[in-house]
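Q: Got a predicted model here, sequence first, then my questions.
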Amino acid sequence: MIHLDDLCKTYTLNGRHKVVADHITMTFPSFASVALLGRNGAGKSSLLRMISGAMLPSSGRILSTGTISWPVGFSGNFSSELTGEQNTRFVARIYGIDTDEMVDFVADFAELGQHFRMPVRTYSSGMKSRLAFGISMAVPFDTYLVDEVSAVGDAAFKAKSNRVFNDRLAQAGAVVVSHSMGLLREICDCGAVLEAGRLTWYDDIDEAIEAHLANMKRPRPA
């Protein structure tokens, strides 16, 4: 369970006052797969970062009864001077996971070959994404946060990524941001629509998508 308690977030962007969350109170149920919908720039990624703990709200608080992932696939916090293996071991120690088992899982999943033992600064963006997704899937969270992640690689690798992620969702919940309505219908059963700092809950994913698409037809709120 994730509970947003009177959550507020505002900041200034290019001299303009931006409201991401305007006194939001909402509960994301345990083990639910929730689509987080909204216009570009509505603040979906910021909301995910607040839920993950990477960004502080202006006021209010976020409570949870289980473990929450960082945004799946996010590779911004890798140490570029460490190898993929060393970054994997570092994360494993933070979360109390057997380091050798996690290294074996990520090495097999990411399919980086010899690059797994080379500094991350030598990686392409696709290689970083593979490493990040593999590390994310190696940690058993109660809720996975997913922010516009699509698996890189050939069809076989994408299929493997989908299988692993679906296996995780069989025992966990998720909050998913994606522009792919087909993907959201496939993996989510309910939704929340962020519009002008307000978050509206929908028990049915199709109703959430319909509300989001209706918002997109209206002028952007001032």
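A: Thanks, I have the structure now.
Q: all strands of this structure, in order?
A: Secondary structure of the chain by DSSP state E: the strands cover 2-13, 16-28, 33-38, 59-64, 68-72, 143-147, 173-177, 190-195, 198-202.
Q: quick one: Thr99 from Asp167, how far?
A: Separation of Thr99 from Asp167 (Cβ to Cβ, to the nearest Å) stands at 22 Å. For the C-beta atoms, the positions are set from N, CA and C on the backbone; glycine is no exception.
Q: more neighbours, the two?
A: Thr99 (14 against 11; other Cβ atoms under 10 Å).
Q: contacting residues for the more buried one?
A: Going by Cβ atoms under 8 Å, 6 or more residues apart in numbering, Thr99 touches Thr88, Arg89, Ala92, Arg93.
Q: Check what pLDDT the closest residue in space to the first one that isn't next to it in sequence gets.
A: Spatial nearest neighbour of Thr88, excluding adjacent residues (Cβ to Cβ, 6 or more residues apart in numbering): Val106 at 4.8 Å. The model reports Val106 with a pLDDT of 96.
Q: go on, Gly113?
A: Per-residue confidence for Gly113 comes out at a pLDDT of 95.
Q: Who are the contact partners of the residue nearest to Thr88?
A: With Cβ under 8 Å, 6+ apart, Val106 has these contacts: Gly84, Thr88, Phe116, Leu131, Gly134, Ile135, Ala138.
Q: What separation do you get for it and Ile97?
A: Distance from Val106 to Ile97, by Cβ to Cβ: 11 Å.
Q: and for those two, which residues touch both?
A: Joint contacts of Val106 and Ile97 (Cβ under 8 Å, 6+ apart) are Ala138.
Q: in the protein, what spans have low per-residue confidence?
A: 73-76, 149-154, 222 (pLDDT under 70).
Q: Please repeat the previous calculation with a cut-off of 80.
A: 13-15, 72-77, 148-155, 221-222 (pLDDT under 80).
Q: Quickly list what the residue nearest to the spatial centre of it is bridged to.
A: The chain has Val146 as the residue nearest its centroid, 2.3 Å off, counting by Cα atoms, centre = their mean. When bridges are called by DSSP bridges, Val146 pairs up with Val72, Val176.
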